[in-house]
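Engineer: A predicted structure for the sequence below; I have some questions about it.
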Amino acid sequence: MTRAEHMRADSGRPPVAVGEVGVAGAVGDAAGTTQPVPLVEFHGLTKEFPAGTEKLQVLKGLDLTIRRGEFVMIMGKSGSGKTTLLNIIGMLDRASAGQFSFDGTAVEQMKETERCEVRNSKVGFVFQQFFLIDSLNVSQNVSLPMVFSGRVSSAEQRRCAQKYLDLVGLGEKARRRVTELSGGQQQRVAIARSLVNDPLLIMADEPTGALDTETGEAIMEILRRLNRQGKTVVMVTHDEDMTRYATRVVRMKDGVITGDAPGGSASVMSAATATDTPVTGAVGVGTCVDAGTYSPAVLSSHETEVCA
Ligand SMILES: Nc1ncnc2c1ncn2[C@@H]1O[C@H](COP(=O)(O)OP(=O)(O)OP(=O)(O)O)[C@@H](O)[C@H]1O
Ligand SMILES: [Mg+2]
């Protein structure tokens, strides 16, 4: 039995082998009902940061399972540990202790390169500050994850970027500088960038935090649509209003989970899991590939189609 299976058995659910995951992202349980597959599971997760001669414990033994197709909103006061948790789930940072499995694989046992690969191919990131590169045009910003992967021809990069720019309603802005765009448009570019690897999971840390209410709603509508098309979304927010977009709301206080309840969109979750999209992922937002990996020789030997 794998460690991930043990974790499921410990939590009272029947063990599910990773290989049983179907395109729909759901498996049958002992009662014959369809259960979405766990994507993220952790038990006893802790995170400490050095603070002088002491250690500051920011996450204090968290247990959580996030299943495919969920739209999980993580809420809590400033300093409660939301971003720290998001960074660990997205494999941008490591936990200090505890068990953590992503898509059935124990993360703490992965080598750094393996962790980078999983992150790049399975996780897309959207941040409050957008993190776009001003000197590149919109299409080039969206293409960046494919550039880092070093496996996609420039023609395919442009085609793929255009596809996701069309999806977020910015198809006509492909050649514009990002500095010419509004905040809401820049966040849509960041969402398009997060999608080019066709990730299983979209992580969003206060994606509407820098936007006015109306623009923020437009961004939330895009995330909701992506969720209903099968993407699992984990989002941090301070805004109670946003919980209507979530299928589940997890509340944190001082590094512990204090609440876990259905969100306003809980009733549509089964529809989302039923349309879970297959993973074709070859690329991601992470920048852990050396710049030298992006070379004509690598491109010609590894070119691949990433857009369906
Ligand atoms: N790299 C770090 N080194 C030391 N302490 C850190 C580090 N990152 C976060 N912390 C501390 O961990 C605690 C939780 O921080 P975190 O950023 O996760 O909070 P948050 O819930 O996201 O807050 P906010 O809502 O303000 O974004 C804070 O006390 C913070 O100062
Ligand atoms: Mg934060």
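Structural biologist: Looks like it arrived, so ask away. Ligands and ions are numbered 1, 2, ... in the order given.
Engineer: Contact residues of this structure facing ligand 1?
Structural biologist: With the criterion set to CB under 6 Å from any ligand atom, the chain comes near ligand 1 through 49, 56, 58, 76, 78-84. All C-beta spots, glycine's among them, are computed from the backbone N, C-alpha and C.
Engineer: which ones among those residues are found in strands?
Structural biologist: Secondary structure defined by DSSP state E assigns 49, 56, 58, 76 of the residues of the chain next to ligand 1 to strands.
Engineer: who touches the residue lying closest to P50 once chain neighbours are set aside in this structure?
Structural biologist: In space, and not counting its chain neighbours, P50 is closest to L56: 7.6 Å by CB to CB, 6 or more residues apart in numbering. Neighbouring residues of L56 by CB atoms under 8 Å, 6 or more residues apart in numbering: 48-50.
Engineer: now R193
Structural biologist: The neighbours of R193, taking CB under 8 Å, 6+ apart as the test, are 124, 132, 141-142, 144-145, 164, 285.
Engineer: For R251, give the beta-bridge partners.
Structural biologist: With DSSP bridges as the criterion, R251 is bridged to M75, G259.
Engineer: of the contacts of L56, the lowest pLDDT goes to which?
Structural biologist: Across the contacts of L56, no position has a lower pLDDT than P50, which has 94.
Engineer: what's the span of stretch 169-176 from first residue to last?
Structural biologist: Taking CA to CA, to the nearest Å, the first and last residues of stretch 169-176 lie 14 Å apart.
Engineer: so how far is it off the chain centroid?
Structural biologist: Its chain's C-alpha centre and that of stretch 169-176 lie 24 Å apart, by CA atoms, centre = their mean, to the nearest Å.
Engineer: Where does the prediction get shaky in the stretch 1-150 of the chain?
Structural biologist: 1-35 (pLDDT under 70).
Engineer: ok, now with 90
Structural biologist: 1-37, 108, 116-117, 120-121, 145-150 (pLDDT under 90).
Engineer: mind listing the helices for it?
Structural biologist: Assigned by DSSP state H, counting those that start in this stretch, the stretch 1-150 of the chain shows helices spanning 3-10, 82-89, 112-122, 138-149.
Engineer: Of these, which stretch is the most buried?
Structural biologist: helix 138-149 (a mean of 25; mean count of other CB atoms under 10 Å).
Engineer: buried sites along the very next helix or strand once past that helix?
Structural biologist: Downstream of helix 138-149, the next assigned helix or strand under DSSP states H and E is helix 154-167. Of the residues in helix 154-167, 156-158, 160-165, 167 count as buried by neighbour count, 16 or more other CB atoms under 10 Å.
Engineer: and helix 154-167 with helix 138-149, angle?
Structural biologist: Angle of helix 154-167 versus helix 138-149, following axes from the mean of the first three to the mean of the last three CA atoms, to 10 degrees, is 130 degrees.
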